[in-house]
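A.B. asks: This is a predicted model, with the sequence first.
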Amino acid sequence: MNALIKLELTRALRNKKFLFFSVLYPSIIYLIFSSSAGSTEKVDGSGQTVATYLMVSMASFGALTAVLMGNSERIAKERESGWVRQLRLTPLPGRGYVLAKTAGAAVVSLPSIVVVFLVAAAVKHVRLDAWQWLALTGVIWAGSLVFAALGVAIGYLASGDAVRPITMIVYFGLSILGGLWMPSTSFPQLLQDIADWLPTHAYAALGRAIEQSQAPHASDIAVLAVYFLLFTGGAAWLYRKDTLKA
């Protein structure tokens with residue numbers, strides 16, 4: 001299993017196209033979105049400046065990109081190429097394959113979070129206490145495991161040809177409706193009600209609570225926990241189903 005994890009880490013770091021979209025792309029979007037607001041302009045209902053508010057949104061978006069896009073497409077393609085079937089002939093347990101995929105995605109998601117923070121601090125002059133920077137990094141990185149599980153589930157659900165459009169619909173739907181691209185308070189009431197139940201909304205809310213020196217809301221933690229159980233349960237069921245088909 002350790003050998004497979006090392007292989008996944010090497011592959012992730014060598015994929016320059018994937019590194020660009022998962023590490024640099026969120027920072028570019030952050031600069032574009034925050035450039036239209038003044039340094040003291042605040043987001044309605046949050047008490048935070050636009051730059052500070054969007055920093056958590058884009059760091060979360062970057063982590064989501066790394067773990068969701070990376071896992072789903074790679075797993076679907078490896079299933080079609082026969083690589084997963086070959087691994088089943090080895091002593092590697094199924095959980096080892098899933099762990100290796102998650103570890104590979106996590107290695108890329110951490111730099112994407114850190115780069116957004118560095119850009120926010122250097123360019124937009126966002127200032128937080130040291131414990132807040134550390135807590136934000138840990139919470140956003142750990143929370144990305146929810147979407148890593150979703151990526152594994154989609155990878156086993158979709159074929160190689162269908163996985164990209166399915167992933168893109170889920171990816172942009174969760175990002176936009178969850179309030180990562182714009183504050184959900186600007187949505188019509190119906191969409192605000194939907195956003196409250198999405199994992200991306202709860203995910204970003206954890207970071208925003210830390211920015212305001214507050215404890216994360218129990219409801220946000222509960223929402224993420226429920227989705228994590230659903231996604232991991234779905235991934236496990238789809239993996240077993242795929243094993244029986246093989």
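C.D. replies: Perfect, thanks for sending it. Not measured: the values here are computed from a predicted model.
A.B. asks: what about His217, neighbour count?
C.D. replies: Number of residues near His217 (other CB atoms under 10 Å) recorded here: 13. Every residue, glycine included, has its C-beta placed from N, CA and C.
A.B. asks: And Gly179, by the same measure?
C.D. replies: 26.
A.B. asks: show me what contacts it?
C.D. replies: Ser57, Phe187, Ala195, Thr200, His201, Ala204 (CB atoms under 8 Å, 6 or more residues apart in numbering).
A.B. asks: which ones among the residues you listed are found in helices?
C.D. replies: Ser57, Ala195, Thr200, His201, Ala204 (DSSP state H).
A.B. asks: Distance-wise, check the nearest residue to the first one once chain neighbours are set aside relative to Leu198.
C.D. replies: Sequence neighbours aside, Leu180 is the residue nearest to Ser57 in space, at 4.6 Å (criterion: CB to CB, 6 or more residues apart in numbering). In this structure, Leu180 and Leu198 are separated by 10 Å, where distance is defined by CB to CB, to the nearest Å.
A.B. asks: what do you get for Tyr30?
C.D. replies: Counting by CB to CB, the gap from Tyr30 to Leu198 is 21 Å.
A.B. asks: Which one's more surrounded, those two?
C.D. replies: Using other CB under 10 Å, the more surrounded residue of Tyr30 and Leu198 is Tyr30, with 25 against 20.
A.B. asks: what helix or strand is the more buried one on?
C.D. replies: Assigned by DSSP states H and E, Tyr30 belongs to helix 25-34.
A.B. asks: which stretches of this protein form helices?
C.D. replies: 2-14, 16-19, 25-34, 50-64, 70-81, 83-87, 94-123, 130-157, 163-177, 189-195, 199-211, 218-245.
A.B. asks: export those helices to JSON lines and tack on distance to Glu41?
C.D. replies: Output for the helices of the chain, formatted as JSON lines (distance: least, CB to CB, whole Å):
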{"stretch": "helix 2-14", "distance to Glu41": "37"}
{"stretch": "helix 16-19", "distance to Glu41": "32"}
{"stretch": "helix 25-34", "distance to Glu41": "10"}
{"stretch": "helix 50-64", "distance to Glu41": "5"}
{"stretch": "helix 70-81", "distance to Glu41": "34"}
{"stretch": "helix 83-87", "distance to Glu41": "49"}
{"stretch": "helix 94-123", "distance to Glu41": "15"}
{"stretch": "helix 130-157", "distance to Glu41": "21"}
{"stretch": "helix 163-177", "distance to Glu41": "21"}
{"stretch": "helix 189-195", "distance to Glu41": "21"}
{"stretch": "helix 199-211", "distance to Glu41": "16"}
{"stretch": "helix 218-245", "distance to Glu41": "25"}
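A.B. asks: between the ones you listed, which gets nearest to Lys42?
C.D. replies: Checking the helices of the chain against Lys42 by CB to CB gives helix 50-64 as the closest, at 7.0 Å.
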